[in-house]
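K.L.:
turn this into a structure:
(chains A and B)
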Amino acid sequence: MAFSSNVRGNNVRGNNVRGNNARDSSLRSNNTRGNNGLRNKNVLSQALQGGINDYGRDQRSETEVIREIDTVGVPLLDTAKMSMRGVDVFYGEKQAIVDVTMDIGKNEVIAMIGPSGCGKSTILRCLNRMNDTIDHCRVEGGLFLEGQDIYDPKMDVVPLRARVGMVFQKPNPFPKSIYDNVAYGPRIHGLVSRRIELDEIVELSLRKAGLWDEVKDRLDGPGTGLSGGQQQRLCIARTIAVSPEVILMDEPCSALDPIATARIEELIAELSQNFTIAIVTHSMQQAARVSHRTAYFHLGKLIEVNDTEKVFTNPDHQLTEAYITGRIG
Amino acid sequence: MDKLHLDQHISQQYNADLEDLRTELLEMGGMVEEQVRDAITAISNADGELAERVLVVEDEVDQREIALDEHCTLILARRQPAASDLRMVMAVSKITRDLERMGDEAQKVARMAIALVEDGSGSQGYVELRHLGNSVQTMVHQMLDAFARFDVETAMNVAKEDKQVDREYRSATRELMTYMMEDPRSISRVMNVMWALRSLERIGDHARNIAEHIIYLVKGLDVRHTSMKEIEKQLRERP
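P.N.:
Purely as a prediction, here's the structure:
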């Protein structure tokens, strides 16, 4: 009898829960009826409390509403290696980045996350002027490497890209030997005068990239003959061979299997002792594992930048929360 | 009231997983609440039969604890939850443990009830038991409501109530001591009452722990080992 009344007790509370559900499921049915945009809209209208709470009713687009959001968290640092101040990026008429202001600290790993098209790769590519190669791309605002304006017309991009190296999504070794892949940078930048110095740099870079033991017996073999994960580490070795200060990584693991990914992540942790690393990733777990700070972008706007620990346990902004918990995508 | 938007994931299955977790926890909570209530009724009415039933329910509560823990582990493995979802899973896992301990304490109270019934007449201490029992029952009930509605304010009330329960426990202990001094023959009986009071006070402590887990779940603030004043200050600072 105690048990049956027990069940009754549960039911009462169960009803309570169901009551809540009824309210929530009406939200959900709205969501399923609308398109994905509407679904986001729902999360958004809840996320944007206060002045723009009536977003659901007004005629502005999601983009317009997002652009009014102020960045939350800790965007500025005392120990900045690179700084962005009010950066806007346009592709023709379309604005891809809206007023981004933040610092990247010395020897920190910063992860940039956000849904597709949020501008995280764009901002990364601004940091070593890779966007210069795109004709209709226009960058406004200030970008600085140790206080030096990198968009200064007098700035030479070749040494800039040696100081700020980049690793891409797909491993792209040159169709040359493993040795020459790594030696290429030091040679063209004129960093070495003698073969023995070059040998040293190649070995050191390959060691730092965790690849030396696997390739030391076949340095003359083609770089393209390595496995995907090895190729990616070769590209990292090639990047660090010119002693950069900052390494930009654009989804460096998305073409790799979990083991190769784990190796690269291990490598990132080691490299962060000597280099500043900015990594764009689609894997939130990866961002949580490797980075010290995390920046969340949404529709070209920097929504939040905070310590990674904070972002993944208790983010300051509702939109960040919605994205990392898989509510918007 | 803070909403955790548990039902707005892109994955419907994930929504269902978290909702199940919440429902299962509330079911377990309902069982423990009933157990506590029955144990208190049994001891204040000297009802041995009811006390026996409390002991039976305990097994079921233990099973629920294991099932819920497994459920939490599965969600962690499958979904790698973050932020509020992560706090939900962590909080449920911790709350489950406290609920199970509450069940254990209720079981102890029931055992004392059986011992008192076997001991025969005498009603010293029943008033104290009823009094403390009522306060503890209210706490448990409020605590479950706070979880069901993710309501920080109610959780705060539970935490405050625990202070009151501690005070009542101390004054009841003093009262019972005078009984023992007056009549040494009652010592073993009164000791049983004391143990039961002690268990009730422990149930209050667990309810307070759960209230703290609820605050963590909703606000992301870890308020364990923090004074009420400090908790209130932190809550004000974090809207």
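K.L.:
from chain B, which residue is nearest to chain A?
P.N.:
residue B:220 (3.2 Å; CB to the nearest CB). Heads up, the C-betas are built off the backbone N, CA and C, glycines and all.
K.L.:
which helix or which strand is home to the residue sitting nearest the centre point of chain B?
P.N.:
Among the residues of chain B, residue B:207 comes closest to the average C-alpha position under CA atoms, centre = their mean, at 3.7 Å. Assigned by DSSP states H and E, residue B:207 belongs to helix B:187-219.
K.L.:
and if you look at residue B:77?
P.N.:
helix B:48-79.
K.L.:
so how far is that helix off the chain centroid?
P.N.:
14 Å (CA atoms, centre = their mean, to the nearest Å).
K.L.:
how about stretch B:43-53?
P.N.:
The chain centre lies 20 Å from the centre of stretch B:43-53; the measure is CA atoms, centre = their mean.
K.L.:
show me which residues of chain B are close to chain A?
P.N.:
Taking CB under 8 Å from any CB of the partner chain, the part of chain B that reaches chain A is made up of B:3, B:5, B:7-11, B:14, B:19, B:22-23, B:26-27, B:29-31, B:33-34, B:38, B:50, B:53-54, B:57, B:79-87, B:144, B:148-149, B:220.
K.L.:
what helices and strands are in contact with the helix or strand containing residue A:320?
P.N.:
Taking DSSP H and E as the definition, residue A:320 sits inside helix A:318-324. Secondary-structure packing of helix A:318-324 (3 or more CB pairs under 8 Å, 6 or more residues apart in numbering or on different chains; DSSP states H and E): helix A:36-47, strand A:293-298, strand A:301-307, helix A:308-313, helix B:83-119.
K.L.:
the residue of chain B closest to chain A and residue A:284, how far apart?
P.N.:
Distance, residue B:220 to residue A:284, using CB to CB, to the nearest Å: 18 Å.
K.L.:
now residue A:115
P.N.:
Applying CB to CB, the value for residue A:115 to residue A:284 is 11 Å.
K.L.:
ok, now residue A:193?
P.N.:
Separation of residue A:193 from residue A:284 (CB to CB) stands at 46 Å.
K.L.:
between the two, which one's more packed in?
P.N.:
residue A:284 (20 against 8; other CB atoms under 10 Å in any protein chain shown).
K.L.:
contacting residues for that one?
P.N.:
A:113, A:312, A:324, B:80, B:82 (CB atoms under 8 Å, 6 or more residues apart in numbering or on different chains).
K.L.:
pLDDT below threshold where in chain B?
P.N.:
The model of chain B has pLDDT under 70 over residues B:1-3, B:121-124, B:239.
K.L.:
tally of neighbours for residue B:177?
P.N.:
Residue B:177 has 12 neighbouring residues, counting by other CB under 10 Å.
K.L.:
can you give me the buried ones in the helix or strand where it lies?
P.N.:
Here residue B:177 sits within helix B:152-182, counting by DSSP H and E. Of all the residues in helix B:152-182, those buried under the rule 16 or more other CB atoms under 10 Å in any protein chain shown are B:152, B:154-159, B:161-162, B:165, B:168-169, B:172, B:176, B:179-180.
K.L.:
which residues are in contact with residue 169?
P.N.:
Since no chain was named, I'll use chain A. With contacts defined as CB under 8 Å, 6+ apart, residue A:169 is in contact with A:250-252, A:254-255.
K.L.:
the intended chain is chain B.
P.N.:
Neighbouring residues of residue B:169 by CB under 8 Å, 6+ apart: B:132, B:197-198, B:200-201, B:204.
K.L.:
all helices for chain A, in order.
P.N.:
A:2-33, A:36-47, A:62-67, A:120-126, A:157-163, A:178-188, A:195-208, A:212-215, A:228-240, A:258-271, A:284-290, A:308-313, A:318-324 (DSSP state H).
K.L.:
which stretch in those is the model least sure about?
P.N.:
With a mean of 37, helix A:2-33 has the lowest mean pLDDT of the helices of chain A.
K.L.:
so which of the helices and strands packed on helix A:318-324 is the most surrounded?
P.N.:
strand A:293-298 (a mean of 28; mean count of other CB atoms under 10 Å in any protein chain shown).
K.L.:
within the sheet, what are the partner strands of it, with directions?
P.N.:
Within its sheet, strand A:293-298 is paired with strand A:109-113 (parallel), strand A:301-307 (antiparallel), according to DSSP bridges.
K.L.:
in the stretch 151-300 of chain A, what residue is nearest chain B?
P.N.:
Using CB to the nearest CB, the closest approach of the stretch 151-300 of chain A to chain B is made by residue A:285 at 5.4 Å.
K.L.:
how many other residues sit next to that residue?
P.N.:
As a burial measure, residue A:285 scores 13 neighbours (other CB under 10 Å).
K.L.:
my read is that it contacts residue B:80, right?
P.N.:
Yes - contact criterion CB atoms under 8 Å: residue A:285 and residue B:80 qualify, at 5.4 Å.
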